Structures are given as structure tokens and as C-alpha cells.
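Undergrad: sequence first, then the predicted structure, then my questions.
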Amino acid sequence: MSTALKKDFLRIASVNVNGLRAAYKNGMAEWLEPREVDILCLQEVRAPDDIVRKLIGEGWHILHTEAEAKGRAGVAIASRQEPTATRVGIGDDYFDTSGRWVEADYTVQTAAGEFTTLSVVSAYVHSGEVGTPKQDDKYRFLDAMSVRLPELAKHSDHALVVGDLNVGHTELDIKNWKGNVKRAGFLPEERAYFDRFLGEEIGWRDVHRGLAGNVAGPYTWWSQRGKAFDTDTGWRIDYHLATPGLAAAAFSAVVDRAPSWDTRFSDHAPLVVDYRL
């Protein structure tokens, strides 16, 4: 099988499934089948490898890492074309068994017939909790991202980190931002990492924000409490972070928000972006 992706554009989707078995039970397959996704990145898979492969089914090349703690985390990349190389882990041995970071390299044939290289990461950043070791782990992971992003930019022509990064970068990313400035997910210290990722120092781009413009949201996660989904009281914490050339090639970003609370397959909605290289 050829390892070069040959479509006129690439459709890359990311979603925190909040448990893959539950997601498939609640209709994920019906969402995925007609969506014509080329590369599917999953977070909070929370399932053994054999179950992951059985549920996703044939026709996909699957890279998956489980968390050592059963029933926690787990990330995966499923692609229609075979990657040229894969890696597990962010580069800090402390997180090797955490099930939070996988990388896959692809060779992409452009519309002009040339070949370019693309690295894709499925990432799941810790949710954190102020004043606890969970928050310490979150900062350590974000530190590791600060190291790995520049390395990825040098490794391939284009690089993309997608997933549930568990930080709202700006006030536009959280409906009730004023009530969350002292909570994990919107702390100034967390947001400062994204200033670095997306600023001159590291120089990546927030693809979804770039295409959506300066509007509220569009949100990708809603609390299970109350009527957060019905009132769109959400958080935009699922991202496509890209190197500048790849970000410039993005022409469509869509949050596949379910039509109603009871038709969701996860508490997160998929973020689907199309790239034309």
C-alpha cells in the first residue's frame, strides 16, 4: 500500500471520546462513517488495544497508547494511509506510561504532484486541579510541549498537534470566563504557555481560531451539569495547533456539535479541519 496521501485536501478530525466503548455505543460510528476523515485523532480512549482496533474497524492504520492506570487517558491516531514512522511519548520519561501523546509521520502528495512531510500528534493534556500534584503534572507536561513543538517543526515540513489540551487560551474560549479565572483550565499561568506556543518564541498557530475569527467559542466541550449544552455554556479546549505553513493551508474548521444533548456520543464535540497543501 502506498504511504502517500493523495487527496486534493486532508481532512483531520480530533475528538475526546470520553471512553471509546461508550462513544461507539452512543453513535460515534454513525458520525464517522459519512465524514470522510483521512486522519482521526482520539483522546480519553480508555480501552485496551484490541477493543480499540475492533471498534474502529478495518481500513484504518491505528497507533494507540494506553495509560498504565486502567480506565484513564489513552490517545490514538487512526489514518487511512500508513504512516512512515510512529512514536509514543512526549520526550519526558515521567509521562511514558501516561497515555497522553502519540506521533505519526506521513508523506503527503500535494495537488502539484510534489511530496511533503507531515507530523501529526494526538495529545491529551491533564485537566489539573489547583494546589494539587495534578496541577504540577499539568505544568510539567506543558513544559515538555514547549520543548517538543520546536523539535517537531524541524522534524517535518509541516507539523500538527491536535487534541484536548484542557486550557482555554483567551476570554473568547470560555462562556463564563469570569467565574473560572482561579480554576484549572483558565489560570493565567496555563494561558501563558499558549501565549508562548502561539507567539514569536515558538511560533505555532491556532488553526480553529484563525478560521473562526474573534468570536465567542466555537466551543468544543460542555459540562454534564445543568443545561450547559442546551445554553451553549461551553469551553473551547480542543485544538489544532499547526506550524505556520500548514495553518495557512487550512480552509475549513467545523465543530460537529450534536443537534441535541441526548444525541451526543461524548461530552466533547469533534473538531474537523480541512487542509489543502
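TA: Happy to help now that I have it.
Undergrad: for the rest of this, base every contact and every neighbour count on C-alpha atoms.
TA: OK.
Undergrad: distance of I237 relative to T170?
TA: Here the criterion is C-alpha to C-alpha, to the nearest Å. By it, I237 lies 10 Å from T170.
Undergrad: who's more crowded, these two?
TA: I237 (22 against 16; other C-alpha atoms under 10 Å).
Undergrad: pLDDT score assigned to that one?
TA: Looking at I237, its pLDDT is 98.
Undergrad: kindly list the main-chain dihedrals of it?
TA: Taking degrees, to the nearest 10, you get phi -120, psi 0 for the backbone angles of I237.
Undergrad: what's near enough to touch W221?
TA: G234, W235, R236, I237, D238, D267, H268, A269 (C-alpha atoms under 8 Å, 6 or more residues apart in numbering).
Undergrad: format those residues as a markdown table; extra columns: distance to L42 and secondary structure.
TA: Shown next, in a markdown table, are those (distance: C-alpha to C-alpha, whole Å; DSSP: H, G, I helix; E, B strand; the rest coil):
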| residue | distance to L42 | secondary structure |
| --- | --- | --- |
| G234 | 20 | strand |
| W235 | 18 | strand |
| R236 | 16 | coil |
| I237 | 14 | coil |
| D238 | 11 | strand |
| D267 | 13 | coil |
| H268 | 11 | strand |
| A269 | 11 | coil |
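Undergrad: A184 and G128 touch, don't they?
TA: Yes. Counting by C-alpha atoms under 8 Å, A184 sits close enough to G128 to count as a contact (5.7 Å).
Undergrad: I'd say G245 and H158 touch.
TA: Yes. Because the distance of 6.8 Å satisfies C-alpha under 8 Å, G245 is recorded as touching H158.
Undergrad: between these two, who's got more neighbours?
TA: For G245 versus H158, neighbours defined as other C-alpha under 10 Å are more numerous around H158 (22 against 14).
Undergrad: how about the more buried one: what's its closest non-neighbour residue?
TA: Excluding the flanking residues, the one nearest H158 by C-alpha to C-alpha, 6 or more residues apart in numbering is L118, at 4.8 Å.
Undergrad: helices along this protein, start to end?
TA: For the chain, helices defined by DSSP state H occupy the ranges 20-25, 28-32, 49-56, 133-155, 188-198, 207-212, 244-249.
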